[in-house]
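Visitor: can you look at this prediction? I've put the sequence above it.
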Amino acid sequence: MAKILMSLADESLAARAAGALEGKQHELAPLEGLQPAARRLETLQAATRAIVEAQGDVVMIDYWPEDDASVKLMQMVSEEDALNHPAFIFFEAPGHLAPREEVLMVLNEGGYAFLTADCQPAAISNYVERALVGPGRLRPRARAPYDTDATIQGLEESLGQLRARNLGFQKVIAHLLSTPLSVQNRKVLVVSDSTYQQDMLRKTLEDHNFQVLTAQNPADALNVAQNESPRIIVSDLELEGQTGLEFCQAVKFTNKIGPCHFVICTANKKKLAKIMTPGNGVDDCLLKPSGEHDNLDFVSRVAMGLLL
C-alpha cells in the first residue's frame, strides 16, 4: 500500500483527486497548513518538514508560482531526504494557466507531472500509479518481504529501466496537456467499427486527460468532426464502406475540417509507408497498440497533435 500526500486548496479538485484513488488501497493523507505564500523561507522549511516527516510516496500539491516556490520545495525535500523523496504531482489553480516556460522548469527540475485543475479523475489515477514506479520513486514498495539483497537490487534495476523509459513520455504529455491551447481543446475523435478497439483507445486516451469522442463509421465521424471540431482524429485503416485514407481525404480536402491532426491505426506493419505517402493528408500512422509499452507510444504520438 502506497501513501499519497495531498495539499489542494480547491475543495472540488481535492474531492475529485480523492475520488480518483478510491478502491486503489492506498493511504491518502492530507497535508495540513501548507499555504501558497511559501515563497518565504520559513514557510518552505515548514512545508519541507511536513512532507519529509509524512514519508509519502507521492505528493499531490497546488502549484506555487511565487518566486519559484514549487521548485524550491522539491529541491529542499530532496536535499533533506535524498533517498526517499516522493514524486511530486502539481495542479494548477482553477482558472489559472501557468506559462509554458514555468511548466517546463517544474518538469525539468524533477516534477513528475503538471496537471490542470479540470483534469479527469482517470488521468489523476493514472499519473499516481505511474509515479509509484516512475522518476522520483526511489524507495522499494513494501508489498512483500524480500529474502536477499540481490532480490532488492534486481527490483531496483527493473524499476530504473522503467523510469528511464517513461520519464520523457510523462514530461511530454504533462506539458502538452497543460498548455493554454490544449486546455481549450483536448478533443480526440476515435473512429473504429470495432467496439472493443474503440473502448480500448478511448480509455487509454481518457487516462491521459484527453476528451474523447467516438464514431463507428465515416458518415457519423464526419458529422462529429463538423460539429465538434476535434483537434485530433484517430481512425482505423479499414472502415465500413470506406478506408481510413479516403476518410482522411474527405476531412482534409473535401470538407476542409481543421486544424486537424489525422492519425491512422493499422495492424499491418507493411502498410505504414504507403499510408504515409505525401499527398494522402495523413499526419501520422501507428501500429495498433497491443500492450502497456505500445499504449505509451500511442498516446505520446497522438499528443503531438496538440502542438497544431
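Guide: Yes, it's here. Numbers count the residues shown, from 1 in each chain.

Visitor: how near is the nearest residue to residue 56 once chain neighbours are set aside to residue 62?
Guide: Nearest non-adjacent residue to residue 56, counting by C-beta to C-beta, 6 or more residues apart in numbering: residue 5, 3.7 Å away. In short, each C-beta sits where N, CA and C put it, glycine included. Residue 5 is 12 Å from residue 62, where distance means C-beta to C-beta, to the nearest Å.

Visitor: hmm, back to that, what's the neighbour count on the residue nearest to residue 56?
Guide: 22 (other C-beta atoms under 10 Å).

Visitor: that one against residue 53, yeah?
Guide: No - between residue 5 and residue 53 there is no contact under C-beta atoms under 8 Å: 10.5 Å.

Visitor: distance check, residue 305 against residue 267.
Guide: Counting by C-beta to C-beta, the gap from residue 305 to residue 267 is 22 Å.

Visitor: now do the helices in the stretch 1-150 of the chain.
Guide: 11-20, 41-54, 69-80, 100-108, 121-131, 149-176 (DSSP state H, counting those that start in this stretch).

Visitor: my bad, should have said the stretch 151-300 of the chain
Guide: According to DSSP H, counting those that start in this stretch, the helices that the stretch 151-300 of the chain contains are 180-184, 195-206, 218-228, 244-249, 272-275, 292-303.

Visitor: a markdown table for those helices, including mean neighbour count and distance to residue 71?
Guide: Putting those into a markdown table (neighbours: other C-beta atoms under 10 Å; distance: least, C-beta to C-beta, whole Å) gives the following:
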| stretch | mean neighbour count | distance to residue 71 |
| --- | --- | --- |
| helix 180-184 | 14 | 21 |
| helix 195-206 | 17 | 30 |
| helix 218-228 | 17 | 38 |
| helix 244-249 | 22 | 42 |
| helix 272-275 | 14 | 41 |
| helix 292-303 | 17 | 24 |
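
Visitor: what's near enough to touch residue 255?
Guide: Neighbour list for residue 255: 222, 225, 226 [criterion: C-beta atoms under 8 Å, 6 or more residues apart in numbering].

Visitor: what's the closest of these to residue 208?
Guide: Distance to residue 208 across the contacts of residue 255 (C-beta to C-beta) is lowest for residue 225, with 21.2 Å.

Visitor: how about low-confidence regions in the stretch 101-250 of the chain?
Guide: 134-184 (pLDDT under 70).

Visitor: quick check: the closest residue to residue 14 other than its chain neighbours vs residue 117, distance?
Guide: Ranked by C-beta to C-beta, 6+ apart and with sequence neighbours excluded, the top spatial neighbour of residue 14 is residue 8, at 4.1 Å. Using C-beta to C-beta, residue 8 is found at 9 Å from residue 117.

Visitor: what do the two both touch?
Guide: Joint contacts of residue 8 and residue 117 (C-beta under 8 Å, 6+ apart) are residue 91.

Visitor: circling back: could you give the bridge partners of the residue nearest to residue 56?
Guide: Bridge pairing for residue 5 (DSSP bridges) gives the partners residue 29, residue 59.

Visitor: from residue 123, how far off is it?
Guide: Residue 5 is 19 Å from residue 123, by C-beta to C-beta.

Visitor: now the helices of the stretch 151-300 of the chain in a markdown table, with distance to residue 87?
Guide: Shown next, in a markdown table, are the helices of the stretch 151-300 of the chain (distance: least, C-beta to C-beta, whole Å):
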| stretch | distance to residue 87 |
| --- | --- |
| helix 180-184 | 23 |
| helix 195-206 | 22 |
| helix 218-228 | 35 |
| helix 244-249 | 38 |
| helix 272-275 | 35 |
| helix 292-303 | 17 |
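
Visitor: of all those helices, which lies closest to residue 77?
Guide: Among these, the nearest to residue 77 by C-beta to C-beta is helix 292-303 (27.2 Å).

Visitor: orientation of that closest one relative to helix 195-206 in degrees?
Guide: 70 degrees (axes from the mean of the first three to the mean of the last three C-alpha atoms, to 10 degrees).

Visitor: counting contacts, what elements does helix 292-303 pack onto?
Guide: helix 149-176, helix 195-206, strand 261-266, strand 284-287 (3 or more C-beta pairs under 8 Å, 6 or more residues apart in numbering; DSSP states H and E).

Visitor: change it to 7 Å
Guide: helix 149-176, helix 195-206, strand 284-287 (3 or more C-beta pairs under 7 Å, 6 or more residues apart in numbering; DSSP states H and E).

Visitor: per-residue pLDDT of the nearest residue to residue 34 once chain neighbours are set aside, please?
Guide: Closest residue to residue 34 apart from its sequence neighbours, by C-beta to C-beta, 6+ apart: residue 7 at 4.4 Å. For residue 7, the pLDDT comes out at 92.

Visitor: what about residue 7, how many residues nearby?
Guide: As a burial measure, residue 7 scores 20 neighbours (other C-beta under 10 Å).
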